[in-house]
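J.: Let's see this in three dimensions:
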Amino acid sequence: MTDIVVERRIAAPTDRVYAYLTEGALWSQWQGEAAPVDARPGGAFRMHVAEGPTAAGEFVALDPGRRVVLTWGWEGHPRVPPGSTTVEIELEPDGEATLLRLTHRGLPDDELAGHRDGWRLYLPRLAATAEAG
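T.: The predicted structure follows:
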């Protein structure tokens, strides 16, 4: 198993980007059509992709404005079930902007490309949404 690491500079302050990672109504603006989340350690994470699968897991650690760690997987997926992998998102201030580093750990090798492509698709959407505020 290999980690996926995707980085993105977002022209928005870290607190705003953090909100888009911890508030379901904001999360669903950049990924999925519904994202009920309970952003606290042990709280449930669930995100339904429009006309697609549902990702599920739980929050592991939250450091407001700096870091979000959650487990991740897909309902009904034989190799990546809910909670079977870990996504860590680190936020670093860069002037008025934010440097975001997403690390997805624990994926089977044959799932790396698809998940990497997914994060590369959705992180620009997160950036555009957070930048627009």
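J.: contacts and neighbour counts: CA atoms only from here.
T.: Will do.
J.: could you show me where the helices are in this protein, in order?
T.: Using DSSP state H, the helices found in the chain span residues 14-22, 24-30, 112-132.
J.: Can you say which of the ones you listed is nearest to residue 64?
T.: helix 14-22 (6.8 Å; CA to CA).
J.: From the chain's centroid, how far away is that closest one?
T.: Using CA atoms, centre = their mean, to the nearest Å, the mean C-alpha position of helix 14-22 is found 11 Å from that of the whole chain.
J.: Ok, stretch 125-133 next?
T.: In terms of CA atoms, centre = their mean, the centre of stretch 125-133 is found 14 Å from the chain centre.
J.: Same check on stretch 17-35?
T.: Relative to the chain's own centre, stretch 17-35 is displaced by 9 Å; criterion: CA atoms, centre = their mean.
J.: Need the distance between the two termini of that stretch.
T.: Stretch 17-35 has an end-to-end distance of 16 Å (CA to CA, to the nearest Å).
J.: Quick check: buried residues in it?
T.: For stretch 17-35, the buried set under the neighbour-count rule, 16 or more other CA atoms under 10 Å, comprises 17-22, 24-32, 34-35.
J.: still on that earlier bit, can you redo the helices of the chain as TSV with mean pLDDT and distance to residue 97?
T.: As requested, those are exported to TSV (pLDDT from 0 to 100; distance: least, CA to CA, whole Å):
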stretch	mean pLDDT	distance to residue 97
helix 14-22	98	7
helix 24-30	95	18
helix 112-132	96	9
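J.: In CSV, list those helices along with distance to residue 105.
T.: Below are the helices of the chain laid out as CSV (distance: least, CA to CA, whole Å):
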stretch, distance to residue 105
helix 14-22, 18
helix 24-30, 21
helix 112-132, 10
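J.: among these, which is nearest residue 63?
T.: helix 14-22 (9.2 Å).
J.: Tell me, what's the model's pLDDT at the residue sitting furthest away from the middle of the chain?
T.: Largest separation from the mean C-alpha position in the chain: residue 95, at 22.7 Å (CA atoms, centre = their mean). What the model reports for residue 95 is a pLDDT of 96.
J.: re earlier: which one of the helices of the chain lies closest to residue 39?
T.: Using CA to CA as the criterion, the shortest distance between residue 39 and these is 5.5 Å, found for helix 14-22.
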